[in-house]
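# build me a structure from this.
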Amino acid sequence: MTIGLVLLATLLLICSCGAGVLAYIFRKKLTAMHGMLFAMSLAMGIGLFGGLLIGIIYQGNLLLSTVIGMGAGFMTGIIIGSFYSFLALLEGMLSGMMAGMMGAMLGEMIMPTDWDKTIMIMFTIASSICLLIIFEIFAHVKKQSKLIRIYQNPFIIGPIFVLLCLLLYSQAPFFTEWIPHKSPHH
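Down below sits the predicted model:
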């Protein structure tokens, strides 16, 4: 793995942990429907990204990558859903398993030349899910600090998010040593 890929995975882990911690802290101010939505969407984003990444790393071993991807989404759904209700837990668990399976299959099927693009697309989707969850949680906070108000301004946070994604995409290629090179024909 390259430094850029480790950076992507670390940033997504930090962002999803931040969304999970905020969901836990403000769980009393939010409804059970919010919990179901948070568990389902966060487990889906992490399951897709994790399944895709593991599917690419363990190319050719679909069973292992599917089990690991499903496990990542499953655990995320259980953790976030357990803050709210059994239905939120069940919804997050099932959505995470399904997304992990789909991510692993996608990682197995795409061409090696498209690995970087697909990883960046999935990172953008998963991190935007985390940021939207944080945005929704902050909307229910009564006493908002200046930092929260800045975060809720789409004209400030939108360009920052786009610039961050462009900066991270400039770290590509993420999988240089695994792409098979074709030898020149004589």
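
# which residue ranges form the helices in the protein?
3-25, 32-57, 62-81, 86-109, 115-139, 146-151, 154-169 (DSSP state H).

# deepest-packed of these, please.
Across the helices of the chain, averaging neighbours per residue (mean count of other Cβ atoms under 10 Å) puts helix 32-57 on top, at a mean of 26. Using the backbone N, CA and C atoms, a C-beta is placed for each residue, glycine as well.

# off-centre distance for it?
Its chain's C-alpha centre and that of helix 32-57 lie 6 Å apart, by Cα atoms, centre = their mean, to the nearest Å.

# other SSEs contacting that helix?
helix 3-25, helix 62-81, helix 86-109, helix 115-139 (3 or more Cβ pairs under 8 Å, 6 or more residues apart in numbering; DSSP states H and E).

# separation between the closest residue to His140 other than its chain neighbours and Glu108?
With Cβ to Cβ, 6 or more residues apart in numbering as the criterion, His140 has its nearest non-adjacent residue at 5.0 Å, and that residue is Lys29. For Lys29, the distance to Glu108 equals 42 Å [Cβ to Cβ, to the nearest Å].

# just His140 next, same as before
40 Å.

# again, but for Gly96
19 Å.

# now swap in Thr31 and tell me
In terms of Cβ to Cβ, Thr31 sits 38 Å off from Glu108.

# what sits up against stretch 69-83?
For stretch 69-83, contacts defined as Cβ atoms under 8 Å, 6 or more residues apart in numbering pick out 16, 20, 23-24, 27, 35-36, 38-40, 42-44, 46-48, 50-52, 54-55, 88-101, 103-104.

# and what of stretch 143-159?
Leu131, Ile134, Phe135, Phe138, Ala139, Val141.

# I'd like the average pLDDT over it.
Averaged across stretch 143-159, pLDDT comes to 81.

# just the CA trace of it, in CSV.
The C-alpha coordinates for stretch 143-159 follow below in CSV (Å, rounded to 0.1, in the frame of the first residue of the first chain):
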residue,chain,number,x,y,z
LYS,A,143,-26.1,25.9,22.0
GLN,A,144,-24.1,26.3,18.8
SER,A,145,-20.5,27.6,18.9
LYS,A,146,-18.9,29.6,16.1
LEU,A,147,-17.1,26.4,14.8
ILE,A,148,-20.5,24.6,14.5
ARG,A,149,-22.0,27.5,12.6
ILE,A,150,-19.0,27.6,10.2
TYR,A,151,-19.3,23.8,9.7
GLN,A,152,-23.0,24.2,8.8
ASN,A,153,-22.3,26.8,6.1
PRO,A,154,-22.3,24.9,2.8
PHE,A,155,-20.4,27.7,1.1
ILE,A,156,-17.5,27.2,3.4
ILE,A,157,-17.4,23.5,4.1
GLY,A,158,-18.3,22.5,0.4
PRO,A,159,-15.2,24.1,-1.2
